[in-house]
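*Asks:* Sequence first, predicted model second:
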Amino acid sequence: MASLLTLWPDENGPRLGGGIAEAFSHPLQTIREDFGTTRLDFNPSSKDALSSAYTVDDSVATTPTANPLSLVAESLREQVWSVQLQHVFSATVLDTARIGFSRGSYFFTGQTPVDLPGWITGLPIGAVVVGGGTASNGASVISLAGTNSASNLRAVRNLFTYDDQVAISRGVHQLEAGVWLERLQANDNLAQNQYGQASFDSLTSLLEGAVSTFSVVPSPTPLGWRSLEIAGFVQDAIKLRPNLDFRIGFRFESTDGWNEAHRRASNYVFANGVIQTNPVVANSVLTRNRAKFLPDPRVGLAWDPFGKGKTVLHAGFGVYRALLDNLDYRLDQTAPFNTTLTLKSVPLSSLEFVPGAPPPSGNRISPSGLE
């Protein structure tokens with residue numbers, strides 16, 4: 001285990017006793033960001049207005065941790081493109097249609113300038129925690145070392161959007177109606193502990209090469225999540241009197257669930273309050289989709305009691321819902337595709353894993369995200 005000590009810098013500060021000393025350094029954090037946007041407008045006729053916009057934001061950051069030999073590298077590229085067409089059917093009817101596409105690409109990894117063979121064949125050395133917890137990058141008596149346990153994470157989220165809204169004015173009525181559709185694609189490789197994390201009870205355990213807990217995902221599997229979301233609304237703003245406005249409307253939300261492109265949606269379920277040993281694998285992680293149709297009624301009132309425009313009383317009621325469409329991070333940690341294996345009380349010398357090979361005897365599966 002002596003090679004692991006090279007994951008910490010040499011001391012240059014006070015000795016604290018017990019084999020621990022302080023090291024002071026001033027490594028640089030480097031950040032690059034490039035941003036650009038463009039917009040085009042065109043009026044093909046007196047009744048039509050066409051516009052398009054594109055925005056891109058590209059950035060890279062390298063950040064040292066408390067241990068200057070453990071770095072975190074992140075890169076992010078976001079793109080948004082949209083086209084809008086407004087058409088005037090008459091002096092009282094206006095239609096606005098939009099299509100859009102957005103893409104967010106994210107990469108996160110850990111780095112260390114120390115060249116050590118990893119616990120997984122062909123991969124860098126993983127994270128080392130001393131005297132702390134077994135959680136990912138848990139608190140440590142001395143600074144964390146090695147590469148971050150969240151290394152080699154990639155996520156790409158694509159959104160394809162269409163919406164159409166029409167506004168109609170008829171006497172005291174201001175009618176509006178619209179529909180919105182969005183196709184979501186989330187392509188991920190977000191399994192934690194791809195390089196492994198070795199936790200030691202104490203500095204003495206580290207020097208003896210006695211690992212208290214080792215967690216690893218030796219064979220991560222990228223997953224592709226899909227969801228179709230739909231919403232629609234209709235509302236009428238009625239001017240009952242010059243000083244009294246009444247608004248009534250209805251909105252609905254709908255989704256086809258949270259599905260995996262190749263039927264690899266895995267989730268742990270409970271039976272009579274007891275979690276089951278093996279996860280259920282299917283097209284969707286939901287045993288029941290409760291969001292096929294979510295009605296959201298709305299009503300509002302605006303009253304100017306004195307008719308002078310200086311004092312207005314508002315009252316309203318509505319039901320509002322938010323669709324859950326960011327479930328992939330936790331689900332990407334679930335067995336059997338991204339199984340987190342845990343070994344207890346093993347010698348450091350035994351930590352040799354080959355991707356795709358059968359796991360060593362005595363391992364346990366550690367479900368992530370369960371409380």
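*Replies:* Done, it's in. These figures come from a predicted structure and were not determined experimentally.
*Asks:* which residue packs closest to the residue located most distally from the centre of the chain, ignoring adjacent ones?
*Replies:* Computed with C-alpha atoms, centre = their mean, the residue of the chain farthest from its C-alpha average is F306, at 50.4 Å. Nearest residue to F306 in three dimensions, chain neighbours excluded: N243, at 8.0 Å (C-beta to C-beta, 6 or more residues apart in numbering). No exception for glycine: its C-beta is placed from N, CA and C like everyone else's.
*Asks:* Go ahead and confirm that neighbour touches L301.
*Replies:* No: counting by C-beta atoms under 8 Å, N243 stays clear of L301, with 11.6 Å between them.
*Asks:* Double-check that S205 belongs to a strand.
*Replies:* No: using DSSP: H, G, I helix; E, B strand; the rest coil, the assignment for S205 is helix, not a strand.
*Asks:* ok, how many other residues are close to it?
*Replies:* Neighbourhood size, S205 [other C-beta atoms under 10 Å]: 18.
*Asks:* Next one, pLDDT for it please.
*Replies:* pLDDT, S205: 91.
*Asks:* Verify the stated contact: it with A198.
*Replies:* No: with contacts counted by C-beta under 8 Å, S205 stays clear of A198, the gap being 10.2 Å.
*Asks:* shared neighbours, these two?
*Replies:* Contact with both S205 and A198 is made by residues V211, according to C-beta atoms under 8 Å, 6 or more residues apart in numbering.
*Asks:* what about the residue farthest from the centre of the chain, helix or strand, and which?
*Replies:* Under the criterion of DSSP states H and E, F306 resides outside all helices and strands.
*Asks:* how much space between it and K239?
*Replies:* Distance from F306 to K239, counting by C-beta to C-beta, to the nearest Å: 17 Å.
*Asks:* Kindly report the same for P359.
*Replies:* Distance, P359 to K239, by C-beta to C-beta: 70 Å.
*Asks:* what does L71 give?
*Replies:* Taking C-beta to C-beta, one finds L71 at 63 Å from K239.
*Asks:* Who has more neighbours out of these two?
*Replies:* For L71 versus K239, neighbours defined as other C-beta under 10 Å are more numerous around L71 (19 against 14).
*Asks:* The more buried one contacts T63, doesn't it?
*Replies:* Yes: contact criterion C-beta under 8 Å: L71 and T63 qualify, at 6.8 Å.
*Asks:* Backbone dihedrals for the closest residue in space to P113 that isn't next to it in sequence, please?
*Replies:* Leaving aside its sequence neighbours, P113 sits nearest to L69 (C-beta to C-beta, 6+ apart; 6.2 Å). Taking degrees, to the nearest 10, you get phi -90, psi 10 for the backbone angles of L69.
*Asks:* Look up how far S149 lies from L69.
*Replies:* For L69, the distance to S149 (C-beta to C-beta) stands at 16 Å.
*Asks:* tell me the contacts of the nearest residue to A282 once chain neighbours are set aside?
*Replies:* Leaving aside its sequence neighbours, A282 sits nearest to A265 (C-beta to C-beta, 6+ apart; 5.6 Å). A265 makes contact with 225, 258-259, 281-285, 331 under the criterion C-beta under 8 Å, 6+ apart.
*Asks:* quick one, helices of the chain?
*Replies:* Taking DSSP state H, the helices of the chain run over residues 203-208, 328-331.
*Asks:* pLDDT of the last one, averaged?
*Replies:* Meaning helix 328-331. Helix 328-331 comes out at a mean pLDDT of 85.
*Asks:* what residues does that helix touch?
*Replies:* Outside helix 328-331, the residues touching it (C-beta under 8 Å, 6+ apart) are 155, 186, 188, 190, 223, 225, 258, 265-267, 285, 368-369.
*Asks:* That'll do, ta.
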